[in-house]
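Asker: sequence first, predicted coordinates after that:
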Amino acid sequence: MTPFRCAACVAVAMLVLHGTGAAEGSDASSATAPPAARALLLDGVRVDDRLIVVGRRGHILVSDDEAESWRLASSPGRAMLTAIHMHDAQLGWAVGHDAIILRTADGGDTWQRVHYAPEEERPLLDVLFFDEMNGLAVGAYGFLLSTRDGGETWVSGAAGEDDYHMNAITSAAGVLYVGAEAGIAHLSEDGGGSWQTLETPYSGSWFGATALDARTVILVGLRGRMFRSDDGGSTWTRIPTSTTASLTSIQQFGPEKIIVTGLDGVLLESHDGGRSVSLQRLPDRSGVSGALPLSDGGLLLIGEFGVRRLPADG
């Protein structure tokens, strides 16, 4: 079982550039989709044959038929959800505005609120668990929370001395990378117990990150910037993308296949582990916040339009 997820969410960018009311009348994947599947969605995950996506107003949508139809899961609250992580087919977490953290133990059908702190005024933007008990959530203004008891309790921490937004967290072989603002990235080799700050060749925000192995990480962000490091962040190589649109997420679909999404309808595809990419755009230039694989080789796109299926011949 391989969970696929959209790495970082760009709630702030999507809202600023496209407004809070996202394409209510645009195409969804099916006429049977509820209205929530045609509103702003920010992240998603595939685990086995189930697709789960999250977004505005606390919506969590579930599909068991390759996005032909969707149903709203039972969840508390209306805070925007920005990211989701499934540990396995049953256990998972979602995070969002008001520092909300939700947990599911039944594959996403129902959700329990395990953290909520609107007084913090700092949204959580990504979440990652190493096992059933140990996990991290990161967010705006350097916000970092950790748990060692499956999310029952959360402890505040920091990855650096600054308060830059931390937009995306990824891991491979026990090594953690965080993509942040101002060209900053963070590295932890002990599960978040201690952190190193990495400087990158670009001073803009990183919205997406994926670690291919312990030493190889790719960051994507503002103005179409995409960089790859093969030595744990010591040196970086810029990957030409042929776009200046902000890139919103990056995810690995196989040993060498990588998909990057972006604003302005941007989709980048790589078949060499992110060393090079090819560019295509959605005809309507809608902002895309993530993509998930479908069983027929196509993609499920997530974004300001809600959900949309893209055939394999795209």
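Answerer: The structure has been received and is ready for your questions. Residues are numbered from 1 along each chain as shown.
Asker: could you pull out the buried residues of stretch 239-255?
Answerer: Ile239, Thr241, Thr243, Ala245, Ser246, Leu247, Thr248, Ser249, Ile250, Gln251, Gln252, Phe253 (16 or more other Cβ atoms under 10 Å). Placement of C-beta: from N, CA and C, glycine included.
Asker: the last one contacts Pro293, doesn't it?
Answerer: Yes. Between Phe253 and Pro293 there is a contact under Cβ atoms under 8 Å: 5.6 Å.
Asker: residues in contact with Gln160?
Answerer: You called it Gln, but residue 160 is Gly. When contacts are counted by Cβ atoms under 8 Å, 6 or more residues apart in numbering, Gly160 is found next to Gly142, Ala180, Ile184, His186, Trp195, Thr197.
Asker: show me the helices in the stretch 51-200 of the chain, by range?
Answerer: Remark: no helices are assigned in the stretch 51-200 of the chain by DSSP state H, counting those that start in this stretch.
Asker: of the contacts of Gly160, closest to Ser205?
Answerer: Ala180 (7.4 Å; Cβ to Cβ).
Asker: show me the beta-bridge partners of that closest one.
Answerer: Ala180 forms beta bridges with Met166, as assigned by DSSP bridges.
Asker: surely it and Ser203 touch.
Answerer: No. Counting by Cβ under 8 Å, Ala180 stays clear of Ser203, with 11.6 Å between them.
Asker: that older thread, got JSON lines for the buried residues of stretch 239-255, with distance to Gly157 too?
Answerer: Formatted as JSON lines, the buried residues of stretch 239-255 follow (distance: Cβ to Cβ, whole Å):
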{"residue": "Ile239", "distance to Gly157": "31"}
{"residue": "Thr241", "distance to Gly157": "33"}
{"residue": "Thr243", "distance to Gly157": "35"}
{"residue": "Ala245", "distance to Gly157": "33"}
{"residue": "Ser246", "distance to Gly157": "28"}
{"residue": "Leu247", "distance to Gly157": "28"}
{"residue": "Thr248", "distance to Gly157": "26"}
{"residue": "Ser249", "distance to Gly157": "24"}
{"residue": "Ile250", "distance to Gly157": "25"}
{"residue": "Gln251", "distance to Gly157": "26"}
{"residue": "Gln252", "distance to Gly157": "27"}
{"residue": "Phe253", "distance to Gly157": "32"}
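Asker: redo those residues as JSON lines? Include secondary structure, distance to Gly297 and pLDDT.
Answerer: Output for these, formatted as JSON lines (DSSP: H, G, I helix; E, B strand; the rest coil; distance: Cβ to Cβ, whole Å; pLDDT from 0 to 100):
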{"residue": "Ile239", "secondary structure": "coil", "distance to Gly297": "24", "pLDDT": "98"}
{"residue": "Thr241", "secondary structure": "coil", "distance to Gly297": "23", "pLDDT": "98"}
{"residue": "Thr243", "secondary structure": "coil", "distance to Gly297": "24", "pLDDT": "98"}
{"residue": "Ala245", "secondary structure": "coil", "distance to Gly297": "25", "pLDDT": "98"}
{"residue": "Ser246", "secondary structure": "coil", "distance to Gly297": "27", "pLDDT": "98"}
{"residue": "Leu247", "secondary structure": "strand", "distance to Gly297": "23", "pLDDT": "98"}
{"residue": "Thr248", "secondary structure": "strand", "distance to Gly297": "22", "pLDDT": "98"}
{"residue": "Ser249", "secondary structure": "strand", "distance to Gly297": "20", "pLDDT": "98"}
{"residue": "Ile250", "secondary structure": "strand", "distance to Gly297": "19", "pLDDT": "98"}
{"residue": "Gln251", "secondary structure": "strand", "distance to Gly297": "16", "pLDDT": "94"}
{"residue": "Gln252", "secondary structure": "strand", "distance to Gly297": "16", "pLDDT": "94"}
{"residue": "Phe253", "secondary structure": "coil", "distance to Gly297": "10", "pLDDT": "94"}
